[in-house]
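# Just to be clear, the model below is a prediction. Sequence and coordinates:
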Amino acid sequence: MLDIYDRAIKGPIMNEKDFDMEVFIPRLKAVVEKYGIKYDRKNPVPSDDRASDNLFEAAVDFMRQVGVYCKDTNRVMQFTEDEIRQVLREAPGKCFLGEGKDAGVLGMRKPDEPKYPWFHSGTGIAFSSEENMTNMLEECASIAEINSISFPALEHIRGFPSVGGSPAEFYASIRGINIGMQAIKRAGRPGLPVLNLISTAATSRSAIAASAPQFGCRRTDGWLCGTIAEFKLDFGIMTKIAYVHSSGALVGAETAPIMGGYCGGPDGTAVASTAYIIMGLLVHKGNYQLHFPIHFKYSCTTTRDVIWINSVSCQAASRNIPMPVIWDPYCAAGPNTKMFMYETAAYLLSVIPSGAPAFETSHPAKGVMVDGFTPMECKWNVEMGKAASRTKREEANDLVNRLLEKYESRIDNPPTGSKYQECHDMITGKPHEAYVQLYNEVKEELADLGIPFE
Amino acid sequence: MDKKEILENLATAIIEGNKDMARETAQNALRAGINPLEAVDQGLSKGMEVVGAQFESGDSFLPELLMAGGTFSAAMEIIKPAIEANKQQMRKEGKVLLATVKGDLHNIGKDIVGTVMETNGFEVVDIGVDQPTLNIIEAADKNKADIIALSSLMTTTIPNQKELIEVLKEMGIRDKYFVLVGGGPVSQKWADEIGANGYGETAIDAVNISRNLMSGHK
């Protein structure tokens, strides 16, 4: 990381607004024009390999022209094209995660490749109580296909809200790890890799403090090290990256270009999305990446334009960038709703046939509802993930269009659904009968649509 | 060029984000003897209304909105001295102190709200992201703000919105400011729970709620 730090203290100086307005926005627009990147709303999952490679070249060009802004030094970290291509040539394209019988290799997939992706259980949202969190985690970890897991964030610790940067955040962070580790042991999967450390810690300071091995984290787990939209870092994030690398653990670059934000529309966001995956290798020197281009207005990843961005940048990356990316969906609708199941199906059909190496099970209710995730959503993601891996891009394109028809008009007013405790028995951990019926009904409906479930 | 055409050109300059055109047309407007306040209300603001509507409907995006905001400011550099020379006053909707709370580095939502409020007649003081509660209150006091608008995008940082309201109460100055809250995990329910004066899901919501508050329709 000292090489990156060196660029952060020696790169050209400019104020942040000038970086946004005079560098990022105009150069992204110019690259979109130069490479003829064009959003195709009728084909949310295209099958054009040449277009994918062109998008990759646009992303390399963009990265070379723009670089990454350091908020602490007001300087731009720049990279030459040779440096970018060397990193891409030398990246291993895989990483080893977990311990014992639960360990695995997260590697690459190509578009239309029928092998299963890596199944990452995305339970990294806020939970109101330790009991709910433990039960939910245990149920999700018990699903045999799950290869890795995220721990939720604890909203409170002994009645104190876990405010970012406070001692309460630190205590909640170590408690969260402790509960999570107990839950995966209870599920009989003690070596299951955890890939979102430290979920409760919003600040790098608390994350590093809670990462000491005596609190339960292992070197075979992954730490998420973020970015600041768009194409910015600060010393806090850089120090966290340096810490994780130095401790011998795995760095997960976390990136989320905002469609409709500084990236502009779908064309620009597709270029930025692909360039962010290059950034994960080049700047974070990440072992894997958690990536979610997201709609700025609806805060979800399942709108038609964002589905297209995900598909095309996933194809560009899986063909050209040896970085195991975990594609991460955010649905507008909450748990225990048909719309959530349609959105998840559309999202997974957009990325898995496009070559996604891995995906995180989708976040209901935009990931912001406390207690808003249940094992049933995890199960649906696994079933849909398997079906999507048996689907080619051309078929997926048709299916996604038909799924979008089912929910697109409700994206700005989605159903909230139910919290975990409202649709599951808290003693047995089993879902209520009504949810099971709704689940089976939607599965049957989508099987009739042509989705190849087992 | 007649008055109608000049005013239309001012609006077009904003819609196209064309600073040169905005400056030139602003000078033409003054030369043609158009009341500078009318140039703002019937020209520049009309253009901003169009851009704002396109932004809300998803037909344009943040770069276009920011370009329009920058173009508005470029034209105002020429028009504002004329307003002052005529001893006229711009319509003041109110003064807003804008910040993202402590522990939260997200700025895009805040920036959008700032631009839209500014181009809708509010004076906006943006003190940035990761702002401790007391910094925000001190800045509101120093700048004589009417409204404190707080952004937060994380479930772990929204408690800081609540903290600010509690500290205002402790200091005995809760009624001095209207407090607006916004951000991904924020909802009307949360705003009611913490005693905020309003919740804006979009930037336009923030403008409308602020106008209502400032006109006494609390």
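Nice, thanks for sending it over.
# Could you give the number of residues near the closest residue to chain B within the stretch 301-450 of chain A?
When scored by C-beta to the nearest C-beta, the stretch 301-450 of chain A has residue A:368 as its residue closest to chain B, at 4.0 Å. Where you see a C-beta, it was placed from the backbone N, CA and C, and this is true even at glycine. Applying other C-beta atoms under 10 Å in any protein chain shown, we find 21 residues neighbouring residue A:368.
# And it, how far from residue B:159?
Separation of residue A:368 from residue B:159 (C-beta to C-beta, to the nearest Å): 14 Å.
# cool, and residue A:78?
Taken as C-beta to C-beta, the span from residue A:78 to residue B:159 is 39 Å.
# Can you find the helix or strand in chain A with the smallest mean pLDDT?
Ranked by mean pLDDT, DSSP states H and E, the weakest helix or strand in chain A is strand A:126-127, scoring a mean of 74.
# That one pairs with which strands, and in what direction?
Taking DSSP bridges as the criterion, strand A:126-127 sits next to strand A:153-154 (parallel) in its sheet.
# Run through who's touching the partner strand.
With C-beta atoms under 8 Å, 6 or more residues apart in numbering or on different chains as the test, strand A:153-154 has contacts from A:124-127, A:130, A:133, A:162, A:172-173, A:175-176, A:179, A:199-200, B:155-156.
# most surrounded residue in those residues?
residue A:200 (32 neighbours).
# tell me the secondary structure for that residue?
coil (DSSP: H, G, I helix; E, B strand; the rest coil).
# gap between the lengthiest strand in chain B and the chain center?
Ranked by number of residues, the top strand in chain B under DSSP state E is strand B:94-100. Computed by C-alpha atoms, centre = their mean, to the nearest Å, the chain-centroid distance of strand B:94-100 equals 8 Å.
# Run through the neighbouring helices and strands of that strand.
Applying 3 or more C-beta pairs under 8 Å, 6 or more residues apart in numbering or on different chains; DSSP states H and E, one finds that strand B:94-100 contacts helix B:108-118, strand B:122-126, helix B:133-142, strand B:147-151, helix B:203-214.
# Just the pLDDT at residue 97, thanks.
You didn't pick a chain, so chain A it is. Here the pLDDT value assigned to residue A:97 is 97.
# You answered for a different chain; I wanted chain B.
At residue B:97, pLDDT is 96.
# which residues does it contact?
Residues near residue B:97 by C-beta under 8 Å, 6+ apart: B:125, B:127, B:136, B:139, B:140, B:143, B:145, B:147, B:148, B:149, B:177.
# Could you measure from it over to residue B:112?
Relative to residue B:112, residue B:97 is positioned 17 Å away (C-beta to C-beta).
# and the residue in chain A that chain B sits nearest to, backbone torsions?
Taking C-beta to the nearest C-beta as the measure, chain A has residue A:164 as its residue closest to chain B, at 2.5 Å. Residue A:164 adopts backbone torsions of phi -50, psi 130, taken as degrees, to the nearest 10.
# okay, now it: neighbour count?
Using other C-beta under 10 Å, residue A:164 is surrounded by 27 other residues.
# And the pLDDT at it?
On the pLDDT scale, residue A:164 gets 78.
# so it makes contact with residue B:155?
No. Applying C-beta atoms under 8 Å as the test, residue A:164 and residue B:155 come out as separate, 9.9 Å apart.
# residue ranges with poor pLDDT in the chain?
Answering for chain A, as no chain was given. A:124 (pLDDT under 70).
# that's the wrong chain, I wanted chain B
Using pLDDT under 70, chain B drops low at B:88-91, B:217-218.
# those helices in the stretch 101-250 of chain A, which residues are they?
A:130-141, A:167-186, A:204-210, A:235-246 (DSSP state H, counting those that start in this stretch).
# Adding distance to residue A:388, write those out as a markdown table.
Conversion of the helices of the stretch 101-250 of chain A to a markdown table gives the following (distance: least, C-beta to C-beta, whole Å):
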| stretch | distance to residue A:388 |
| --- | --- |
| helix A:130-141 | 19 |
| helix A:167-186 | 26 |
| helix A:204-210 | 33 |
| helix A:235-246 | 31 |
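# Switch those over to JSON lines; also include distance to chain B.
As requested, those are arranged in JSON lines below (distance: least, C-beta to the nearest C-beta, whole Å):
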{"stretch": "helix A:130-141", "distance to chain B": "14"}
{"stretch": "helix A:167-186", "distance to chain B": "7"}
{"stretch": "helix A:204-210", "distance to chain B": "9"}
{"stretch": "helix A:235-246", "distance to chain B": "8"}
